[in-house]
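Enquirer: coords please:
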Amino acid sequence: MKFSVSSSDLQKKLSLANGVVGANTVLPILEDYLFDLKGNMLTITASNLETTIITSVEVNGEEDGQIAITAKILLDTLKALPEQPVTFHVDDNVKAVTITSAYGKYKLAGDSPDDFPDLPALEEAETIHLGGDLVKSALEKTLFATSNDELRMAMQGVYVQIEESSIIFVATDAHKLVKYTFKTEDHANPTTFIIPKKGLVLLKNALKSDDPVEISYNKNNCFFILGDTQVIIRLIDAKYPDYNAVIPYDNANKLTLDRVDFLNSLRRIAIYANKSTNQVVLNITDASLTISAQDLDFSNEATEQLSCEYTGDPMNIGFNAKFLIEMLGVLTTDQINIKLSTPNRAGILIPSDQPVEEELIMLVMPVMMGS
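Expert: Numbers count the residues shown, from 1 in each chain. Coordinates of the predicted model:
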């Protein structure tokens, strides 16, 4: 196997695939990239069995072949080189890899490509097509709300509900919830599945907004094809909670205010909140919102006032400032609406104006006053 390639072009592709490479004592081969050269196209595969990334780069190929190469030493070498052509030569008999640059030669031991695990097969799959900007937007709006609780496996991913002409992305950790619905022109058979957060973070990093995304899925895996890169993610086999049951729809009280002003105020007030609850209290009346926090253990407290529009009964309600800050940070509209029913029921955040083909609902559970 022999080829030459731009060091920076190869490094970009290896960095993209490197997200799934880690120390694996059970299968040491998963610490490698799998190189497969056919003509002038080098295909690079990396996997941790949960997520697999396959990408390709154009090279000057001289001799086809396959080899597995330790990821860390190869990527570190390319990062330490300035942009230049590098040549790879593999001795298939002893699996030795020689890299030649303008500065000299670097030799490392390769591994047998036969030891690399088989890739998930795209069998009995259905396919839909979405814009890269839409997929990226859906991930940015939902990933932060997933759970890190290993005992709640279903909540460690994003729940995808495909309906005939719309798709719903849902994420929750039982304290906050995001439901993002958008219409699609692809008509698919209704189905649901849960995609783990770790794989989706890698997918988000690989996405370019202007790339169309082909999404194929079966009962075990989801395959995302974006340009010359494919991300395959094994689905979570668990039952997702009935998220609709926790969304309160009877919210008589409506607060409208400037998103950025509210976000900045919360960031300041949160500095003074109790570090275990992060509780901020919203005191809402007709034309003003008072935001306050206190940490009795250290005699810290802060109060700010914002102008707002409010229809409903005056209310005192406590929330975790961290959750509110996360939610406001992924919204983009100038103004937001907060719908409330009572101080012990969830608050609903929605953008003040939404495109006709989209609906975003964010839910945050209150922190009980005095807790």
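Enquirer: Which segments of the chain make up each domain?
Expert: Per automatic domain parsing, the structural domains of the chain span 2-115, 126-169+181-238, 247-364.
Enquirer: Now render the ones you listed as JSON lines, adding mean neighbour count and mean pLDDT.
Expert: In short, each C-beta sits where N, CA and C put it, glycine included. Converted to JSON lines, the domains of the chain look like this (neighbours: other Cβ atoms under 10 Å; pLDDT from 0 to 100):
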{"stretch": "domain 2-115", "mean neighbour count": "17", "mean pLDDT": "95"}
{"stretch": "domain 126-169+181-238", "mean neighbour count": "18", "mean pLDDT": "93"}
{"stretch": "domain 247-364", "mean neighbour count": "17", "mean pLDDT": "94"}
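Enquirer: Pipe the ones you listed into JSON lines and attach distance to residue 175 per row.
Expert: What follows is these, written out as JSON lines (distance: least, Cβ to Cβ, whole Å):
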{"stretch": "domain 2-115", "distance to residue 175": "25"}
{"stretch": "domain 126-169+181-238", "distance to residue 175": "9"}
{"stretch": "domain 247-364", "distance to residue 175": "6"}
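Enquirer: Which residue ranges of the stretch 201-350 of the chain form helices?
Expert: According to DSSP state H, counting those that start in this stretch, the stretch 201-350 of the chain carries its helices in the segments 259-269, 321-330.
Enquirer: Of all the ones you listed, which one comes closest to residue 292?
Expert: Closest to residue 292 of the helices of the stretch 201-350 of the chain, according to Cβ to Cβ: helix 259-269, at 6.9 Å.
Enquirer: Residues touching that closest one, excluding its own?
Expert: With contacts defined as Cβ atoms under 8 Å, 6 or more residues apart in numbering, helix 259-269 is touched by 280, 289, 291-293, 302-304, 306, 321, 324-325, 328-329, 331, 333-336.
Enquirer: how about the residue nearest the centre of the chain, what does it touch?
Expert: The centre of the chain sits closest to residue 201, judged by Cα atoms, centre = their mean, with a distance of 3.3 Å. If you count contacts by Cβ under 8 Å, 6+ apart, residue 201 has them with 19, 143.
Enquirer: Any figure for the gap between it and residue 17?
Expert: Note on residue 201: its distance to residue 17, by Cβ to Cβ, to the nearest Å, is 14 Å.
Enquirer: do you know how far residue 267 is from residue 108?
Expert: Remark: distance between residue 267 and residue 108 (Cβ to Cβ) = 48 Å.
Enquirer: same thing with residue 124?
Expert: According to Cβ to Cβ, residue 124 stands 40 Å off from residue 108.
Enquirer: for the residue of the chain most remote from its centre, phi and psi?
Expert: The centre of the chain is farthest from one residue, residue 93, which by Cα atoms, centre = their mean lies 41.9 Å away. Residue 93 adopts backbone torsions of phi -70, psi -40, taken as degrees, to the nearest 10.
Enquirer: so which strand or helix has the closest residue to residue 179 other than its chain neighbours?
Expert: Nearest residue to residue 179, sequence neighbours excluded (Cβ to Cβ, 6 or more residues apart in numbering): residue 361, at 4.6 Å. Assigned by DSSP states H and E, residue 361 belongs to strand 358-364.
Enquirer: between that strand and helix 321-330, how big is the angle?
Expert: Strand 358-364 runs at 170 degrees relative to helix 321-330, counting by axes from the mean of the first three to the mean of the last three Cα atoms, to 10 degrees.
Enquirer: who's in contact with strand 358-364?
Expert: In this structure, residues lying in contact with strand 358-364 by Cβ under 8 Å, 6+ apart are 141, 145, 172, 175-183, 246-247, 319-320, 323-324, 327, 331, 346-351, 354.
Enquirer: Strands - which of those land there?
Expert: 172, 176-183, 319-320, 347-351 (DSSP state E).
Enquirer: So in that sheet, which strands flank the host helix or strand of residue 106, and in what orientation?
Expert: Element membership for residue 106 (DSSP H and E) is strand 105-111. Partners of strand 105-111 in the sheet, by DSSP bridges, are strand 65-70 (antiparallel), strand 96-100 (antiparallel).
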